[in-house]
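S.K.: With the sequence up front, the predicted model follows.
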Amino acid sequence: MKLKLIFAWLFTGLSVFAVEPQLTECIPRGGLPNFFAKLEHGDTVRICYLGGSITAQEGWRPKTLGWFQQQYPKANVSEINAAIPGTGSDLGAFRLQHDSLDHKPDLIFVEFAVNDGNMPPERIYRSMEGIVRQAWRDNPSTDICFVYTIAGVMLDDLKQEKLPRAYAAMEKVADHYEIPSIKMGLEVARLERAGKLVFTAAKPKTDAEKADLAGKIIFSPDSIHPYTDSGHQLYLDAVERSVALIKPIGEAVPHKLLEPLTLDNWEDAKLIPLDSAKLSDGWRKLDPETNTLAKNFTNRLPGLWEANHPGDSIEFKFKGTEADIYDVLGPDCGQVIVTLDNQKPIIRPRFDAYSTYYRLSFLNIGSNLLNTVHSVKIEIDSNQPDKANILSQRKEKIDDPKRFDDRAWYAGALMLVGDLVD
């Protein structure tokens with residue numbers, strides 16, 4: 001962010017102070033000219049919503065989609081819902097082709113600020129720049145807009161007119177590629193600071209509770225996921241205000257891929273079918289026609305494989321800088337032993353405090369590696385993680401021991417920045 005210089009004469013001489021300017025809700029930069037040109041012309045327009053659970057909610061995503069449909073009734077405006085709860089821009093860079101680009105978006109809203117909140121800035125640079133470069137390599141006329149939602153400690157930063165760390169990292173990428181951005185949580189913070197909004201509260205039920213919260217907006221029940229009629233409405237309002245600033249900017253021409261901001265960005269991130277690796281005999285591919293779990297995730301994963309015997313393994317070699325496994329966590333999952341090159345094996349649970357149900361995740365094998373050939377072996381451990389203790393972190397319990405009594409691993413694809421080698 002550019003700094004505003006304030007000069008002040010003191011008794012000791014001239015001093016210069018650098019002060020951050022007041023944050024603005026929207027920075028239009030290069031605008032979204034290709035998107036708006038198609039809307040104005042009455043074309044078929046597809047909006048992709050790439051993000052986490054806040055975007056997966058029936059909130060700002062359907063609200064903004066409906067708003068664009070109302071504003072441009074002659075256009076055929078539809079959505080590509082590419083939101084997966086609990087995931088950030090790192091997984092987003094690997095699944096972009098499958099979940100978004102294959103469906104030919106005209107605009108991609110990218111919403112990962114909250115889930116990237118604890119991610120190192122360098123990883124955010126790689127993944128967010130990878131998303132931009134993949135999109136424009138696939139179709140230079142696709143427009144992109146970064147949107148920043150709010151959760152937890154981000155509130156304090158924004159109340160003090162400071163950029164949360166994830167916002168700042170994404171803004172660096174947005175600046176480089178002239179991508180517009182919308183700080184959808186900024187007005188939330190300003191309303192809270194003014195005493196007009198309660199950031200975290202249950203909806204009032206008693207007359208006393210209603211009186212105590214009278215005239216105030218209740219944003220969220222958990223400080224993360226907004227209420228549809230209040231919190232998500234504020235996000236919609238932010239988009240509406242921002243569109244007025246973004247719409248006049250730019251000309252409808254293809255985007256040019258500039259020199260990379262980071263040389264190790266994830267432009268070449270890719271999903272590779274799991275059976276491209278060496279699978280031990282215990283693996284079986286699940287059929288979406290007959291297996292409920294495979295059916296539930298068939299729109300996200302190239303395929304879903306299951307193994308559940310100690311020693312069942314996946315082995316492969318690759319030349320590159322990042323390797324992960326796209327997988328599913330759930331009640332009956334166990335833990336795996338990961339060996340990268342000649343390093344000490346590491347035990348990695350495929351079960352966490354949310355594993356009372358099945359959800360998409362990924363197993364990190366190695367990050368920021370030297371761009372050389374690496375060998376990988378992952379095998380199912382004979383031991384189970386302490387599931388009762390893990391669930392207690394969220395005050396959850398093992399409801400039915402049979403649901404949790406296994407060592408299964410459900411894997412969907414290899415995730416590589418690089419390529420497999422023989």
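M.R.: Sure thing, it's come through. Bear in mind that the values here come from a model prediction, so they are computed numbers and not experimental data.
S.K.: Surely V132 and I179 touch.
M.R.: Yes. The criterion here is C-beta atoms under 8 Å, and V132 meets it with I179 at 6.8 Å. (C-beta placed from N, C-alpha, C; glycine too.)
S.K.: so who does the spatially closest residue to N383 that is not a sequence neighbour touch?
M.R.: Of all residues beyond its chain neighbours, the one nearest N383 is Q335 (6.8 Å), with distances taken as C-beta to C-beta, 6 or more residues apart in numbering. For Q335, the contact set (C-beta atoms under 8 Å, 6 or more residues apart in numbering) comprises 347-351, 380-381, 383-385, 407.
S.K.: Give me the lowest-pLDDT entry from those.
M.R.: Within the contacts of Q335, Q384 has the lowest pLDDT, namely 93.
S.K.: Ramachandran angles for that residue?
M.R.: Phi and psi for Q384, reported as degrees, to the nearest 10, are phi -100, psi 150.
S.K.: Would you mind measuring from it to G334?
M.R.: 5 Å (C-beta to C-beta, to the nearest Å).
S.K.: who's more crowded, those two?
M.R.: G334 (20 against 16; other C-beta atoms under 10 Å).
S.K.: Please name the nearest non-neighbouring residue to the more buried one.
M.R.: R407 (3.2 Å).
S.K.: show me what contacts the one you found?
M.R.: Counting by C-beta under 8 Å, 6+ apart, R407 has contacts 308-310, 333-335, 380-382, 384.
S.K.: Distance check, it against V110.
M.R.: On the measure of C-beta to C-beta, R407 and V110 end up 36 Å apart.
S.K.: can you tell me the helix or strand for L271?
M.R.: strand 269-273 (DSSP states H and E).
S.K.: same thing with I347?
M.R.: strand 346-349.
S.K.: For that strand, buried residues please.
M.R.: Using 16 or more other C-beta atoms under 10 Å as the burial criterion, the residues of strand 346-349 that qualify are 348-349.
S.K.: Of the contacts of R407, which is the nearest to M154?
M.R.: C333 (31.0 Å; C-beta to C-beta).
S.K.: need the contact list for the closest residue to the closest one other than its chain neighbours.
M.R.: Distances taken as C-beta to C-beta, 6+ apart put R350 closest to C333, at 4.3 Å, once the chain neighbours are dropped. By C-beta under 8 Å, 6+ apart, R350 lies in contact with 327, 329, 333-336, 361, 363, 409-410.
S.K.: which one of these has the most neighbours?
M.R.: Neighbour max across the contacts of R350 (other C-beta under 10 Å) = W409, 29 neighbours.
S.K.: just how off-centre is the helix or strand hosting that residue within its chain?
M.R.: W409 belongs to strand 409-421 when assigned by DSSP H and E. Offset of strand 409-421 from its chain centre (C-alpha atoms, centre = their mean, to the nearest Å): 19 Å.
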